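# structure of the sequence below:
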Amino acid sequence: MKSEKLEKLVIKELSTCSNINENICFYEGQDREIIDTFGNVQKTIDNQSGYEINYNIFKNEAHKKEILSTSKSLIGEYLEDLFKISKEENYFWELCSFTVYKDHYNKRLENFLFKNDNEFFDEITFIEMELKILNNLHKQRFYDFLRVPTLELIKKASSKKIFFLNEKLSMQKQSDDIVQLLDLDKISGIEKIIYLQKLGIIDFLSKKQPFISSINSLANILSIITSVKSGTIQPMINPIINNDTTSKNHPLNSKKNVQKIETHLIKIGFDLNETN
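A predicted model of the protein is given here:
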């Protein structure tokens, strides 16, 4: 993948810039010479390997600035290409396009929660961490190397990401509010039936004897479970079992209650797709 190679090149050049600033160059090869980023021999050394701090590598300060400027320019080129190609390849990196960011959001969230599997970390934590990074774009390691056209594109992408995350954050906090407001000791009969339906319990029981042939028997059992009178339950489960979505008694036609209960179930980790 071109994007991954480009990102590695950028990181390598960043390291080179840092080394130049510290007067450190990497020497390698059988010729036993210190070689700068551009292949120019700076100093012959004895038979060793690794890094060496040497304050005489550069001819003068102007020479050092020239090499540093060339390296920074190269990083700018790499970043420009990386931004374009990563969008084509759907490759995530810290300054990727909004489209790529959005496509990778769920997987990155999943990985974050897997690595931080405890009560102190949730999607809200993840979003807040992401927002902190995006709102400090100027502090990111690549920022100072970006050329103006690419920088403008990245700023626009960051604005979209921030808007997207704030929407997510608002929904998550709203969900928290709904769950907190939900007093499980005071939920109505229709809400209890919606819970049982969304959990797949009514559908499961309705396919078992004697309930497969007697809705009245099913209503009696559900009455025991919910403490709601069977005479109240039966009119609600009739349209569920008969798949009569137009009935005014169908619990799922109570959109507000359905949304509240689905939000609660999702919040506690239940997968609604397993029973829909």
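# care to break the protein down by domain?
As given by automatic domain parsing, the domain ranges for the chain are 1-91, 93-180, 189-274.
# apart from its chain neighbours, what residue comes closest to Glu123?
Taking CB to CB, 6 or more residues apart in numbering as the measure, Glu123 lies nearest to Gln172, with 5.5 Å between them; neighbours along the chain are not counted. Quick note: C-beta positions are derived from backbone N, CA and C, even for glycine.
# and the one helix or strand the one you found maps to, what other elements does it pack with?
When secondary structure is defined by DSSP states H and E, Gln172 falls within helix 148-181. For helix 148-181, the packing partners by 3 or more CB pairs under 8 Å, 6 or more residues apart in numbering; DSSP states H and E come out as helix 61-89, helix 98-115, helix 123-134, helix 255-267.
# flag every buried residue along it.
150-151, 153-154, 157-158, 161-162, 164-165, 168-169, 172, 175, 178 (16 or more other CB atoms under 10 Å).
# show me the shaky parts of the stretch 101-250 of the chain.
Per-residue confidence for the stretch 101-250 of the chain (pLDDT under 70) gives these ranges: 119, 175-185.
# at 80 what do you get?
Counting by pLDDT under 80, the stretch 101-250 of the chain contains low-confidence residues at 117-120, 138, 171-186.
# so which of the helices and strands packed on helix 148-181 is nearest Ile193?
When those are ranked by proximity to Ile193, the top entry is helix 255-267, at 9.6 Å, counting by CB to CB.
# between that closest one and helix 148-181, how many degrees?
110 degrees (axes from the mean of the first three to the mean of the last three CA atoms, to 10 degrees).
# so what does helix 255-267 touch, helix or strand wise?
The helices and strands touching helix 255-267, judged by 3+ CB pairs under 8 Å, 6+ apart, are helix 148-181, helix 189-198.
# and the first one with helix 123-134, angle?
Helix 148-181 runs at 160 degrees relative to helix 123-134, counting by the same axes, to 10 degrees.
# ok now helix 148-181, how far from the chain's centre?
Between the mean C-alpha point of helix 148-181 and the mean C-alpha point of its chain there is a distance of 11 Å (CA atoms, centre = their mean, to the nearest Å).
# same question, the last one
Mean-position distance between helix 189-198 and its chain equals 32 Å (CA atoms, centre = their mean).
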